[in-house]
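>>> Any chance you can model this:
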Amino acid sequence: MNALVVTSLFFTSTWASPTFLFTCLQPISFMTPAVPAKGHLREARQGLGGQHGGDAAHSLGFACLVESLDEPLYLGLDGVVLPLHRPVAQVLDFAPGDTCALLQDVALPVCGLPLTVVHHMHLICVWSEHLHLVRCTSVADASLISVPSCTPQPASSTATRFTMFLKDKPTFNTHVGICLGSLLLLVNSYASTPGEDFIPKTALGILLLVIAAVLAYAGVLSLSHGQPFSLVCLTVSGLWCGSGLVYILAGQGVLRPEDLTPSLVPGLAAFTLALLLIAIVAVLAKRTILSIIALGISLACAHQIASLSEAGFGQAATAANYLLVCLVGVYFGVGRLLSYITHGEVELPATWPKEKSSQTQTTQQDPEWTGITLVSLVMNLLAACVLACPLLGVVPQLSVGHVPWLWTAGVFQLGTCVLSYRAMDTLAATFSGFMAVLRFAEGYSALLTLYSVRPDSPAPLPAVFSALLFVSAAFACQKSLLEGLYQLFFVAYCVAVAVEPRGFLQGGAQGVQAAIFVASAGVLYVYALNMHFSRKIPTGQGLAKALVSRVNALTLRPHDKDLHAPYLGSSKYADAEVLGHACSALAAFAVTATVGDRGALGVPVLPWAVVAGGALQLLCGFVCFSRGKTFESTAFVLYGVMWTVWGLTRYGGLYGESRGFNVAVGIICFMLFNVLVTVAALFLNVAWFAYALTFQLILISFLLDALGSLPYGYDIGVTIIFGLVSFYCFLAHLFNSTFQSPQIPLGQALVKLSGTGGSSDVCPHVPARKAASVHQIAEIMKNGGICGMPTDTVYVLVAACNRPDAVVKAFKVKKQAQDRPMSLWISSIKQLEPVKHLLSPLLLEFMQAAWPSSISMVIPRGPWLDAFGLGEAAKHIGTPQSIAIRNPDCTIATYLINMVGPIAVTSANPTGEADTTHHNQVYAKLGDKVNGVLCDGPSPENIASTVVDCTKIDTGHIGFFRVGLIPKSKVLHIFEEVQRRHMQGEINPAFEPNISDMQSIDGLYVEITEEPQERN
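Take a look at the predicted model:
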């Protein structure tokens, strides 16, 4: 029974925070209600870029505004309502739900209901009192839209209350979880007697694990948008997770009653200090609720330590402290609910955050002081305390009762690793991954004491790990000198483990952990202060960069937000190849250890092979896959599975006498998969090819060992070679991501095909949601290039009309049939103003009423076409008698046409083939003859546009060549309304601007186009 419980402890500790890891690994989503009926949105076009800066300006990732009433527009941010007026140079109509993330440094739209833009976690939500939630979208896929400078005004409206309530919802959930856990421990501490527990230990442990999972979930959510309470939340989650596992072991009889005290004391002592430091910082930052809760739980832990020696004193004091935490939590929750229900009329003190003063601010943008780093420091503090206590005589020795604390720290380090990748911080993610490996290896060594096994540390492995940590510490100095010096403590720790045969159980290594305990506490305090205050304690930030800048041979890579940019349609994570290659090196050198007569458990290779080579490799594969790096993710997942299977089989005591054909078949399957990986690496670079090829040699050694035909020394030789290649790849990726020059060579692709293998002539594929991408495609078209572009229907191939050579090229690339000519697209009817006298007034009014939409109009050909600069290429657009013209209902398309001018358009597929419905299909169908592709994922509609015959519109009749996305009845209804207005003699609003609609902005008169009274 005991063996079963202990062997499943790793999985139990991981389950203890399932929501923590799940929340770290999953993007946060929001349910989007149905968008209101067809309305019109207005998007500010470029024209006032840079004119609306100022201290009050904010940057958002998305805005979706509904134009309806004449009420002013309000933008709610951080409890402040900012009134927006009409700083718009040009306006454009588009439908609800259209992405308006194209514009950068441009003012927001004007006119609309009072809306509230809520920056909630990874989402930007636009909310209205009348329409409720209008739109949600991922911030990761949107570019910046700047809010014009304006004077903040205090707000107490429903929208602002909703904003703050939604934004602080994770904090509310955090208080509920802490109240529940405190109430549970309050009842147990108050009602238990020295001889009998009120709540059985197993039940108490399970309940604490459930509450820890809830707190971890709330902590990750609040951490994602900089809530200061997230650190307390995750710290308390780790406390109750570790103690809950200890109670389960005690309840199941794995721990004897006399072992409970030495098992709990190290962890409780670590969290007592961590929460005390957090409480001090909260007091200095004048965060009342936060300081009381942190101090109350810290004192509760201290008194719980005392109760383990004197139950009569400690239990009552512990109950009193948890009672204080419960009361504060209830006060906070009631205050929040009252404020929201009464629309801010009833507001209890300290329950709503006040305006940030000049003395305090949250520097979420600085990776040095993020909450992720602080959580990692708390877990290092916990592990150091557990390992140093035997040396200081606090506990007799490291035992199985300490495994829950160490593995809890390991699980949380894995979570901070994923969160650091989400924060685009490769160095922090790599260090957190290293710490997770250490925690599981230390816990494994403590676990073996249950079986009376005294493991010997394989000397080469800690030495290799110390080298990896030294490289990480050297590069961490570019963030801050303090960060690099702190990581050097772990280098010394690994050296101490390497020189002593008993490794983690030896006094030298435990002495270094005592130093790490002090260092972790100091760094935690400094970083927590710097996170809350504008006046920061110097940490040596920028010193390493200043020193490197004086070295002529080295050039630091400037901060580039696109350095770790994912592939199109993928999530934003930092590059995980650094950690993946480092883990391969660790796993490779781990399996070189000789077991001999000590047995598989006598050498602690299992955690290094399974955790470093297996779990972390799989994590790196997930990150690579999320970034869209299919090959890298495939390799890491395959190698992670192989290291896990081989580690458990060879060093987990499962190998035994089972060598033979069955094991060989499994290894051969892995070899066949790796052959495919090796072939694919030929198209990437030399380093990846060497990496895959040397792993194939390791698989051969596994196969020979299974068949009993392994030559002496072959396995150690090829494993060392693979380890060295992995270390080279680790160093190269880390160095190249830090320095712009020189670069450690990774080699070119060994095999190159058209459009693959690292060719420099690959057609650029750029995301349509970025303004810079649209500008890039516009420049290509202005220079005579042809590009693929998304529309409101399917992808099309476009060329600028003022570049006749590009139009001819597009016609030839498409292999256009004479009966399917190209069409002409415009961004708005105002682009026809130079030739309006050549067009029918009724036609112009019909265009004004029907566009922008998925309606193409076939109109008579005439001299008006010469105004667009087509020259001889005009013969490829339309027929000798007519031409199709359209104004698409697509923000991206109209924005591009505005910069380029009218364009010639044809479908992005060879004649006779199916329509192109994804940006990947454009290049696949047309090849490198396309000069660029503007990518926006799948097409919103797979139905083509409706083609209307307007050649006889002056006679009062229209026809249909094709009925597509827009139904025939709707087109006819629009035409009837236009005819009615035309017969009544109404002025076409397209070309008759009213001077009363002109507004002066910074000395310039800007026209504001009003909506027609009736619009379909």
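>>> Might one say that Ala218 is in contact with Gly177?
Yes: Ala218 lies in contact with Gly177 (C-beta atoms under 8 Å); the separation is 6.0 Å. (C-beta placed from N, C-alpha, C; glycine too.)
>>> any shared contact partners between those two?
Both Ala218 and Gly177 are in contact with Cys233, where contact means C-beta atoms under 8 Å, 6 or more residues apart in numbering.
>>> The two - which one has more neighbours?
Ala218 (29 against 25; other C-beta atoms under 10 Å).
>>> where does the stretch 201-350 of the chain dip in pLDDT?
Along the stretch 201-350 of the chain, the model assigns pLDDT under 70 to residues 224-228, 311-312.
>>> which residues in it form strands?
Assigned by DSSP state E, counting those that start in this stretch, the stretch 201-350 of the chain shows no strands.
>>> I figured Val978 was touching Leu842, is that so?
Yes: assessed by C-beta under 8 Å, Val978 is found in contact with Leu842 at 7.1 Å.
>>> Buried ones in stretch 390-397, by neighbour count?
Buried positions in stretch 390-397, judged by neighbour count with 16 or more other C-beta atoms under 10 Å: Pro390, Leu391, Val395.
>>> Sorry, slip of the keys, the one I care about is stretch 329-337.
Gly329, Tyr331, Phe332, Gly333, Gly335, Arg336.
>>> cool, and stretch 200-218?
201-202, 204-218.
>>> Next: stretch 636-649.
636-649.
>>> Go ahead and name everything in contact with it.
Contacts to stretch 636-649, defined as C-beta under 8 Å, 6+ apart, come from residues 576, 580, 584, 587, 591, 605-606, 609-610, 612-618, 620-622, 624-625, 654-655, 663, 666, 670, 673-674, 677, 695, 699, 702.
>>> Can you list which of those are found in helices?
Here DSSP state H is the test, and these give 580, 584, 587, 606, 617-618, 620-622, 624-625, 663, 666, 670, 673-674, 677, 695, 699, 702 as lying in helices.
>>> Looking at this structure, which helix is longest?
Assigned via DSSP H, the chain shows its longest helix as helix 311-341.
>>> How about the contacts made by Ser376?
Counted by C-beta under 8 Å, 6+ apart, Ser376 has contacts Phe412, Gln413, Thr416, Ala428, Phe431, Ser432, Met435.
>>> Give the residue spans of the stretch 801-950 of the chain that score low on pLDDT.
In the stretch 801-950 of the chain, residues with pLDDT under 70: 815-820, 941-942.
>>> can you give me the helices for it?
804-814, 841-850, 891-900, 919-926 (DSSP state H, counting those that start in this stretch).
>>> Are there helices or strands packed against the third one, and which ones?
Spelled out, that is helix 891-900. Where contact means 3 or more C-beta pairs under 8 Å, 6 or more residues apart in numbering; DSSP states H and E, helix 891-900 is packed against strand 91-94, helix 771-782, strand 787-789.
>>> That helix: which residues count as buried?
Here helix 891-900 shows Thr891, Ile892, Ala893, Thr894, Tyr895, Leu896, Ile897, Asn898, Met899, Val900 as buried, counting by 16+ other C-beta under 10 Å.
>>> pretty sure the fourth one is in contact with Gln831, am I right?
Right, the one you point to is Thr894. No: using C-beta under 8 Å, Thr894 is not in contact with Gln831, being 10.2 Å away.
>>> quick one on the thing from earlier: can the buried residues of stretch 329-337 go into a markdown table with extra columns for distance to Val491?
Shown next, in a markdown table, are the buried residues of stretch 329-337 (distance: C-beta to C-beta, whole Å):
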| residue | distance to Val491 |
| --- | --- |
| Gly329 | 42 |
| Tyr331 | 47 |
| Phe332 | 43 |
| Gly333 | 46 |
| Gly335 | 48 |
| Arg336 | 46 |
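>>> before we move on, the earlier item: downstream of the longest helix of the chain, the next helix or strand is which one?
Using DSSP states H and E, the helix or strand that follows helix 311-341 in sequence is helix 371-392.
>>> how distant is that next one from the center of its chain?
Averaging C-alpha positions (C-alpha atoms, centre = their mean, to the nearest Å) puts helix 371-392 27 Å from its chain's average.
>>> So for it, mean pLDDT?
What helix 371-392 shows for mean pLDDT is 92.
>>> Tell me which residues of it come out buried.
So for helix 371-392, counting by 16+ other C-beta under 10 Å, buried means 371-391.
>>> Give me the pLDDT value at Cys150.
With respect to pLDDT, Cys150 scores 33.
>>> Oh, that last question was meant for Ala588, not what I typed.
88.
>>> Distance check, it against Gly640.
Here the criterion is C-beta to C-beta, to the nearest Å. By it, Ala588 lies 13 Å from Gly640.
>>> Between these two, which contacts overlap?
Joint contacts of Ala588 and Gly640 (C-beta under 8 Å, 6+ apart) are Gly613.
>>> for stretch 842-861, the distance to its chain's centre please.
Worked out by C-alpha atoms, centre = their mean, stretch 842-861 lies 43 Å from the chain centre.
>>> Look at that stretch and report the distance between its end residues.
16 Å (C-alpha to C-alpha, to the nearest Å).
>>> circling back to that earlier point, mark which of the contacts of stretch 636-649 are buried, thanks.
Counted by 16+ other C-beta under 10 Å, the contacts of stretch 636-649 give 576, 580, 584, 587, 591, 605-606, 609-610, 612-618, 620-622, 624-625, 655, 663, 666, 670, 673-674, 677, 695, 699, 702 as buried.
>>> re the thing from before, mean pLDDT for the helices and strands packed on helix 891-900: which is lowest?
strand 91-94 (a mean of 29).
>>> list the contacts for Gly251?
By C-beta under 8 Å, 6+ apart, Gly251 lies in contact with Pro200, Lys201, Thr202, Ala203, Leu204, Gly205.
>>> Distance to Val512 for those - can I get that in CSV?
Below are these laid out as CSV (distance: C-beta to C-beta, whole Å):
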residue, distance to Val512
Pro200, 39
Lys201, 34
Thr202, 36
Ala203, 39
Leu204, 35
Gly205, 32
